[in-house]
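> Predicted structure and sequence below. I'll ask about it afterward.
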Amino acid sequence: MEHLSHPPEGESGSASGFEVRLENFTGPFDALLSLITKRRLDITEVALATVTDDFIAYIRAMQERGEEWALDEASEFLVIAATLLDLKAARLLPQGEVEDEEDVARLEARDLLFARLLQYKAFKEIAGIFGETLEAEGRRFPRAVSLEPSFAALLPELVWQHTPEQFAALAAKAFAPKEAPPSEVGLTHLHAPPVSVREQAAIIGARLRVGGAQTFRALTADAESRLVVVARFLALLEMFRDRAVAFEQAAPLGELSVRWTAGQDWTAERLSEEYDDEPQEEREEQHAG
Amino acid sequence: MQGDRRAAALEAVLMVVDEPVSSAELAATLELPEPEVEELLTGLAAEYDAAGRGFELRSVAGGWRFYSRPEFAEIVSHYVLEGQTSRLTQAALETLAVIAYRQPVPRSRVAAIRGVNVDSVVRTLVSRGLVEEAGTDPESGAILYQTTSYFLERLGIGSVAELPRLSPHLPGLDELGAIEFER
Amino acid sequence: MQGDRRAAALEAVLMVVDEPVSSAELAATLELPEPEVEELLTGLAAEYDAAGRGFELRSVAGGWRFYSRPEFAEIVSHYVLEGQTSRLTQAALETLAVIAYRQPVPRSRVAAIRGVNVDSVVRTLVSRGLVEEAGTDPESGAILYQTTSYFLERLGIGSVAELPRLSPHLPGLDELGAIEFER
């Protein structure tokens, strides 16, 4: 009986070629992540916009060199960057003294985001081990042959009771599209912020549909607190993910212009449960392609 | 390739192939002269016989295959018949239905339609004589499966063309024809 | 039954199985005590290894089965095209990893960990036979998923308990304190 082996110490699941150059850090993206998860570097000190620009430049350079578009690396970057953004948002939320339960919950939520990031990284590494093991094991082929005719002849005669019509009904059942099974409700491990991202998305949606393209500054001009600004920003990211809006930005850190790209029938109900503790069945259904 | 390695390579292939393989085919794969392969195969068969192994290597109808030794037929048939029923499982029936209406079809397509792995069920259907191999897909090289005349006989129809049309049971199936099920 | 005859009888039965067979099942067929059968099987496996046969006998996913030896993979793959060739994508591997360590688990939980919708990836894993449904969550009614014995077989391990430990891959876990990570 063999056991799966662990990769050598210090070896990461994927050797990402992407390097980050920041004021307070220079090195591989993986190393940055590792520092943040070990809390050796404060996430609020990391300029995520710069990291993202660097990454886009990196991918462009790869394309120009004619190298294959690294889809896995890009999607992995997106997942990690999105988590870092969550993390940063959670950190930037006004905190002050820990006075009531809500504040405590918020602090715990931050830890949960750390945990989520760590968890994701761990599974990614395990996935690497799985991949290698499956490949190594794939070099063995099992004996899976049909029964020798002499033994097949011993099998009891089949009892067959189906008429051609009944058989056709069976076939129809087999061909019928499978209904998407119901999904779980709620993500209880994520905190519910006092400002609903979905509500803010509805507000943004209403304004964009009526007023045409607007800048992010204009969209948040009336925000009564920083929390609302953060919620609107997150809402925009969600809407972008849902292809409800498009962004235009002439230069890095320049004015961000937001344009409506969805139809009139779009509603904020479509948005994810990620920030608001709501049922997520709807979205799951719609994405079940 | 050295003597022992050549024989071992033959053992490796023959242990996992389902259909008997001709010495000519084996010779081509191993890039060895056919007489040499014949000699190696005969040598292996004699070795298993002399050592009284539970398996034997036999050349049947122009192909070589591993079989269980007839001496143990009683134990083997006891094992084979254990838990056997005379009815097909629901999974086997549905798989058979998909093959009947989509033949010739590779297992991967049947798996995609049924949403589960069907490898072992297809082997059961083959053992039961209801389904048989029908060449390989020219593009993917995957083995294609079709129903047998025994299947027609059991169903009481003369040909596959006499299978009831599916549309009465599933309105709109015709439109499904063009949809690609594989992923 | 004498020593060699017992081992040969095991070989004979193993010739006709198409999935791993437990030593308990083999013991029942041969009417022998299970520890004795285990010993015979281990002996046979060692014998094949020592003799450098082209096949090997292995215990995976709780059962014994004949396999071709990995060093002949290239030659054997000429004959066994299907199933083995298509690799899993990174997304599928990660989803599989989450399910393996959190089973039984609903899709939504896998999605929460991976940060993306996993519906179609899970469907692919199910149709590849690596993952299967495992009832529903009593509270939410969501379908739960678990890995299959085919998954264990493909990974070459006997049970889920033999999966590599997750904790070495969770650096800084100690600094996080109370958060729970199973396995």
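Received it, and whenever you're ready, just let me know what you need.
> mind listing the helices for chain A?
A:29-37, A:48-64, A:71-92, A:101-137, A:149-152, A:164-175, A:197-211, A:216-219, A:226-241, A:281-287 (DSSP state H).
> what's the model's confidence in the first one, averaged?
In this case it means helix A:29-37. Mean pLDDT, helix A:29-37: 72.
> Show me which positions of stretch A:130-146 end up buried.
Going by neighbour count (16 or more other C-beta atoms under 10 Å in any protein chain shown), the buried part of stretch A:130-146 is A:130-131, A:133-134, A:137-146. Glycine gets a C-beta too; all of them are placed from N, C-alpha and C.
> for stretch A:19-34, same thing?
Judged by neighbour count using 16+ other C-beta under 10 Å, the buried positions of stretch A:19-34 are A:Val20, A:Leu22, A:Phe25, A:Phe29, A:Asp30, A:Leu32, A:Leu33, A:Ser34.
> Tell me where the model's unsure across chain B.
Chain B contains residues with pLDDT under 70 at B:1-3, B:83, B:167-183.
> Show me the strands in it, by range?
Using DSSP state E, the strands of chain B run over B:55-60, B:63-68, B:105-106, B:131-136, B:143-147.
> Quick one, which of these gets closest to chain C.
strand B:63-68 (4.0 Å; C-beta to the nearest C-beta).
> Which secondary structure elements does that closest one sit against?
Judged by 3 or more C-beta pairs under 8 Å, 6 or more residues apart in numbering or on different chains; DSSP states H and E, strand B:63-68 is in contact with helix B:3-16, strand B:55-60, helix C:3-14.
> Throw the ones you listed into JSON lines and include mean neighbour count, thanks.
Converted to JSON lines, the helices and strands packed on strand B:63-68 look like this (neighbours: other C-beta atoms under 10 Å in any protein chain shown):
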{"stretch": "helix B:3-16", "mean neighbour count": "21"}
{"stretch": "strand B:55-60", "mean neighbour count": "17"}
{"stretch": "helix C:3-14", "mean neighbour count": "20"}
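> how about those, which one is nearest C:Leu88?
Nearest to C:Leu88, of all those, is helix B:3-16, at 21.7 Å by C-beta to C-beta.
> quick one, the closest one and strand B:63-68 angle?
70 degrees (axes from the mean of the first three to the mean of the last three C-alpha atoms, to 10 degrees).
> Mark out where each domain of chain B begins and ends.
Annotated domains of chain B cover B:3-72, B:90-181 [automatic domain parsing].
> For A:Leu234, give its distance to B:Leu26.
With distances taken as C-beta to C-beta, to the nearest Å, A:Leu234 is found 64 Å from B:Leu26.
> out of these two, which sits in the busier spot?
B:Leu26 (25 against 21; other C-beta atoms under 10 Å in any protein chain shown).
> Could you point out the longest helix of chain B?
helix B:34-51.
> unless I'm mixing things up, B:Ala27 is touching B:Glu36, no?
Yes: the criterion here is C-beta atoms under 8 Å, and B:Ala27 meets it with B:Glu36 at 7.5 Å.
> Neighbour count for these two, which is higher?
More crowded of B:Ala27 and B:Glu36, by other C-beta under 10 Å: B:Ala27, with 18 against 14.
> check contacts around that one.
B:Pro33, B:Glu34, B:Glu36, B:Val37 (C-beta atoms under 8 Å, 6 or more residues apart in numbering or on different chains).
> Kindly tell me how buried the second one is, as a neighbour count.
Here the count is done by other C-beta under 10 Å, and B:Glu34 has 14 residues near it.
> and stretch B:114-125 with chain A, contact?
Yes: Stretch B:114-125 comes into contact with chain A (C-beta under 8 Å from any C-beta of the partner chain), by way of B:Arg114, B:Gly115, B:Asp119, B:Ser120, B:Arg123.
> What separation do you get for the residue lying closest to the third one once chain neighbours are set aside and chain A?
The shortest distance from B:Asp119 to any non-neighbouring residue, by C-beta to C-beta, 6 or more residues apart in numbering or on different chains, is to B:Arg107 (6.2 Å). Remark: distance between B:Arg107 and chain A (C-beta to the nearest C-beta, to the nearest Å) = 12 Å.
> B:Arg107 - how many residues pack around it?
Per other C-beta under 10 Å, the neighbour tally for B:Arg107 reads 21.
> Roughly how far does it sit from C:Glu133?
Separation of B:Arg107 from C:Glu133 (C-beta to C-beta) stands at 20 Å.
> which ones are touching A:Arg139?
Contacts of A:Arg139 by C-beta under 8 Å, 6+ apart are C:Pro70, C:Glu71, C:Ala73.
> Please name the residues that touch the nearest residue to B:Arg65 once chain neighbours are set aside.
Leaving aside its sequence neighbours, B:Arg65 sits nearest to B:Pro20 (C-beta to C-beta, 6+ apart; 4.3 Å). Residues in contact with B:Pro20 (C-beta under 8 Å, 6+ apart) are B:Ser59, B:Val60, B:Ala61, B:Gly62, B:Gly63, B:Trp64, B:Arg65.
> Ranking by neighbours, what's the top pick from those residues?
The most crowded member of those, judged by other C-beta under 10 Å, is B:Trp64 (24 neighbours).
> Bridged to that residue, which residues?
Taking DSSP bridges as the rule, B:Trp64 bridges to B:Val21, B:Ser59.
> Let's have the strands of chain B in a markdown table, adding distance to A:Phe151.
Shown next, in a markdown table, are those (distance: least, C-beta to C-beta, whole Å):
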| stretch | distance to A:Phe151 |
| --- | --- |
| strand B:55-60 | 14 |
| strand B:63-68 | 8 |
| strand B:105-106 | 26 |
| strand B:131-136 | 17 |
| strand B:143-147 | 21 |
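> returning to that earlier point: quick one: the residue nearest to B:Arg65 from chain C, how far?
B:Pro20 is 12 Å from chain C, where distance means C-beta to the nearest C-beta.
> Dihedrals phi and psi, that residue?
Backbone torsions for B:Pro20, taken as degrees, to the nearest 10, come to phi -60, psi 140.
> Dump the contacts of B:Pro20 into JSON lines; add distance to A:Met239 as well.
Shown next, in JSON lines, are these (distance: C-beta to C-beta, whole Å):
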{"residue": "B:Ser59", "distance to A:Met239": "69"}
{"residue": "B:Val60", "distance to A:Met239": "67"}
{"residue": "B:Ala61", "distance to A:Met239": "67"}
{"residue": "B:Gly62", "distance to A:Met239": "67"}
{"residue": "B:Gly63", "distance to A:Met239": "63"}
{"residue": "B:Trp64", "distance to A:Met239": "65"}
{"residue": "B:Arg65", "distance to A:Met239": "62"}
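> which one of those is nearest chain A?
Chain A lies nearest to B:Arg65 out of the contacts of B:Pro20, by C-beta to the nearest C-beta, at 8.2 Å.
> how close does that closest one get to C:Ile113?
Plainly put, B:Arg65 is 47 Å away from C:Ile113 if you go by C-beta to C-beta.
> Which residues lie in contact with B:Trp64 in this structure?
Listed by C-beta under 8 Å, 6+ apart, the contact set of B:Trp64 reads B:Leu14, B:Pro20, B:Val21, B:Ser22, B:Ser23, B:Leu26, B:Leu41, B:Leu57, B:Arg58.
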